[in-house]
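Novice: Any chance you can model this:
(one chain, ligands or ions: 2)
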Amino acid sequence: MNQVQLPFSTVITAEELKGFTHYEERKLSDMKGYFADEEARAAMEQSADQVVYQVYRVEVPPEEGELLHCLTVIQPGQVAGECFMTKGHYHLNEKCAEIYVGVKGKGVLLMQKGQEVRTIEMRENTAAYIPAGWGHRTINVSADQPFVFFSVWPGHSGYDYQRAVEEPFVKRVYLRPDGYEVK
Ligand code: F6R
Ligand code: ZN
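Specialist: Ligands and ions are numbered 1, 2, ... in the order given. Just a heads-up that it's a prediction; the model follows:
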């Protein structure tokens with residue numbers, strides 16, 4: 001039976017989702033194999049196992065009719081020039097789209113469906129639409145500021161992280177002196 005959901009709110013800030021009930025962080029040690037230069041990632045992890053990104057979310061039943069939502073903070077940093085990023089995933093339910101809204105900083109939303117790849121540059125107040133069926137990953141392209149965004153997606157989306165490992169994103173994002181490069 002569905003859990004009774006009463007109205008509630010949280011407060012989006014540039015640092016966290018005030019009122020969050022669940023917190024997760026991904027450190028360099030959680031990102032084995034995700035960056036192109038695995039040796040560089042392992043060496044960085046040895047000297048300091050930095051936090052790459054943090055996720056603040058509210059518990060909502062993962063069921064059709066509900067809307068899951070969270071705030072992601074990607075720290076500035078690079079592994080051999082490749083910008084810090086999320087692991088990225090597909091949703092198990094290929095009929096579920098998602099919306100990301102930029103809160104602070106500068107990022108790139110990388111999306112992939114089969115051989116088709118799209119990117120959207122995100123800043124504060126950018127509302128980006130991820131169509132159903134597209135794999136998605138976000139990347140912080142600022143040299144020194146966190147990239148923060150809010151996400152909303154259907155409760156029955158499910159997650160498929162393995163697919164993003166088996167069919168890796170074909171583009172990567174590198175920090176450059178004059179900005180960033182997607183290649
Ligand atoms: C949820 C979603 C985002 C990400 C978050 C962390 O569907 O796309 O909220 O979950 O930005 O990224 P991942 O989940 O790829 O570690
Ligand atoms: Zn998603």
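Novice: hey, let's count contacts and neighbours off CA atoms from now on
Specialist: Will do.
Novice: Now do the phi/psi pair for residue 178.
Specialist: The phi/psi pair for residue 178 (degrees, to the nearest 10) reads phi -100, psi 20.
Novice: again, but for the one 4 residues further on
Specialist: Listed backbone geometry of residue 182 is phi -100, psi 120, with angles given as degrees, to the nearest 10.
Novice: residue ranges for the helices of this structure, please.
Specialist: 38-47, 161-166 (DSSP state H).
Novice: With mean neighbour count as new columns, can those helices be given to me in TSV?
Specialist: TSV is the format used below for the helices of the chain (neighbours: other Cα atoms under 10 Å):
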stretch	mean neighbour count
helix 38-47	15
helix 161-166	14
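Novice: Please identify which of those is closest to ligand 1.
Specialist: Distance to ligand 1, taken as Cα to the nearest ligand atom, is lowest for helix 161-166 among the helices of the chain, at 7.4 Å.
Novice: Now find how far off-centre stretch 41-53 is within its chain.
Specialist: Centroid separation for stretch 41-53 versus its chain: 18 Å, with Cα atoms, centre = their mean, to the nearest Å.
Novice: can you tell me if it touches ligand 1.
Specialist: No: applying Cα under 6 Å from any ligand atom, one finds stretch 41-53 separated from ligand 1 by no less than 7.7 Å.
Novice: measure that stretch end to end?
Specialist: Start and end residues of stretch 41-53 are separated by 15 Å (Cα to Cα, to the nearest Å).
Novice: who's in contact with it?
Specialist: With Cα atoms under 8 Å, 6 or more residues apart in numbering as the test, stretch 41-53 has contacts from 25-29, 32, 35, 72-77, 79-80, 84-86.
Novice: Thanks again, I'm all set now.
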